[in-house]
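>>> Here is a sequence with its predicted model. Questions after.
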Amino acid sequence: MAHSRDLKRLVRELLADNGWAARLPELDALPARRLIGPLFSLLLDPDEIVRWRAVAAFGRTVARMAESPPSERGPGEGLEAARVVLRQCLWRLNEESGGVGWGVPEALGETLFRHRRLAMEFHRVLASYVREPECGEGNCLDHVPLRRGVYWALGRLAQAHPDLLENEVPTLLAGLQEADGACRGLTAWTLGILGATAAATAAPALAALLADSAGVALYRDGALEQTTVGTLAAEALQRLAGSPGR
């Protein structure tokens with residue numbers, strides 16, 4: 001079996017391949033616990049698209065770890081092992097960790113997207129990273145790129161489990177007022193995904209952003225696209241207008 005350094009190289013080669021999505025089953029053939037270290041490292045890769053693909057592979061791997069049946073479970077597998085990995089994510093977002101946690105919110109969001117049980121347990125703490133201190137739990141992140149990651153993670157979570165974010169609409173509405181354009185755009189994208197849950201309160205705030213030309217990099221559907229806050233606000237309004245009950 002490959003050593004850690006060799007395994008990281010193999011995983012990176014796979015993620016850098018144009019056919020990476022079709023090759024993900026190759027990672028499924030490896031013990032999930034052995035992939036966590038390399039994938040954490042690849043969240044810091046110099047190549048942005050490799051970083052995003054590492055996010056996708058991370059979520060897939062941790063969800064697989066959580067779902068491993070007892071009969072096939074080795075050391076470091078199972079739901080509790082997956083919880084431990086997500087607690088490592090939370091630690092990396094803690095100032096006491098000594099690091100910055102680049103890519104960690106996105107990896108956390110991708111995991112919650114893929115696993116309902118973990119999403120039910122960790123969605124509140126994920127949202128707490130962009131709640132203002134006076135109304136949150138003191139977890140609000142100061143680093144703008146990390147906050148962008150949290151807003152993206154909430155959008156990704158909303159794609160699979162929108163009901164878990166019903167109580168976070170006020171948090172997201174506050175996000176539309178962020179000084180950083182990417183944060184505003186990613187929040188608009190998330191509110192559009194939530195649909196009817198956010199329609200009544202979000203529509204006026206989104207309409208106010210239609211002329212906002214700030215650039216936003218958005219990773220969705222396996223590709224990284226360059227768009228603007230105004231475009232995402234318009235897209236969100238269109239989705240809200242088509243939401244059932246509106």
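Arrived safely, thanks for sending.

>>> Please pull up the helix or strand immediately following the lowest-mean-pLDDT helix or strand in the chain.
Lowest mean confidence among the helices and strands of the chain (mean pLDDT, DSSP states H and E): helix 196-207, at a mean of 86. Following helix 196-207 in sequence order, the next helix or strand is strand 215-220 (DSSP states H and E).

>>> Just list what that next one packs against, helices and strands only.
Helices and strands touching strand 215-220, by 3 or more Cβ pairs under 8 Å, 6 or more residues apart in numbering; DSSP states H and E, are helix 181-194, strand 223-228, helix 229-241. Where C-beta positions appear, they are placed from N, C-alpha and C, glycine not excepted.

>>> pLDDT of the first one, averaged?
This points to helix 181-194. Mean pLDDT, helix 181-194: 97.

>>> pLDDT below threshold where in this protein?
1-3, 70-75, 97-98, 133-138, 243-246 (pLDDT under 70).

>>> Could you rerun that using 50?
Within the chain, the segments meeting pLDDT under 50 span 1, 245-246.

>>> how deep is residue 94 tucked in, by neighbour count?
A total of 11 residues lie near residue 94 under the criterion other Cβ atoms under 10 Å.

>>> That one and residue 130, how far apart?
Distance, residue 94 to residue 130, by Cβ to Cβ, to the nearest Å: 16 Å.

>>> now swap in residue 152 and tell me
Counting by Cβ to Cβ, the gap from residue 152 to residue 130 is 11 Å.

>>> Indicate which one of the helices and strands packed on strand 215-220 is closest to residue 76.
Minimum separation from residue 76 across the helices and strands packed on strand 215-220 (Cβ to Cβ) falls at strand 223-228, 31.7 Å.

>>> Flag every buried residue along that closest one.
Buried residues in strand 223-228, counted by 16 or more other Cβ atoms under 10 Å: residue 228.

>>> and what of stretch 233-243?
For stretch 233-243, burial by neighbour count (16+ other Cβ under 10 Å) applies to 233, 234, 235, 236, 237, 239, 240.

>>> Stretch 38-57 too?
Residues of stretch 38-57 classed as buried by neighbour count (16+ other Cβ under 10 Å): 38-40, 42-43, 45, 50-57.

>>> Which two of the residues you listed have the greatest separation?
Across the buried residues of stretch 38-57 (Cβ to Cβ), the longest gap, 15.7 Å, separates 38 and 52.

>>> what's the top helix by length along the chain packed up against?
Secondary structure of the chain per DSSP state H: the longest helix is helix 48-67. Using 3+ Cβ pairs under 8 Å, 6+ apart, the elements in contact with helix 48-67 are helix 4-16, helix 20-28, helix 32-42, helix 79-92, helix 104-114, helix 116-128, strand 223-228.

>>> just the angle between the fourth one and helix 48-67, please?
Note on geometry: by axes from the mean of the first three to the mean of the last three Cα atoms, to 10 degrees, helix 79-92 and helix 48-67 are set 140 degrees apart in direction.

>>> Could you check the angle helix 79-92 makes with helix 32-42?
Going by the same axes, to 10 degrees, helix 79-92 makes 20 degrees with helix 32-42.

>>> Pull out the CA atoms of helix 79-92 and give them to me as PDB.
What follows is helix 79-92, C-alpha atoms only, in PDB (Å, rounded to 0.1, in the frame of the first residue of the first chain):
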ATOM      1  CA  LEU A  79     -20.200   7.500  11.900                       C
ATOM      2  CA  GLU A  80     -18.100   8.300  15.000                       C
ATOM      3  CA  ALA A  81     -14.900   8.300  12.900                       C
ATOM      4  CA  ALA A  82     -16.600  10.800  10.500                       C
ATOM      5  CA  ARG A  83     -17.600  13.000  13.400                       C
ATOM      6  CA  VAL A  84     -14.000  13.000  14.500                       C
ATOM      7  CA  VAL A  85     -12.900  14.300  11.000                       C
ATOM      8  CA  LEU A  86     -15.500  17.000  11.100                       C
ATOM      9  CA  ARG A  87     -14.300  18.000  14.600                       C
ATOM     10  CA  GLN A  88     -10.800  18.300  13.100                       C
ATOM     11  CA  CYS A  89     -12.300  20.700  10.500                       C
ATOM     12  CA  LEU A  90     -13.800  22.800  13.400                       C
ATOM     13  CA  TRP A  91     -10.400  22.800  15.100                       C
ATOM     14  CA  ARG A  92      -8.700  24.000  12.000                       C
END
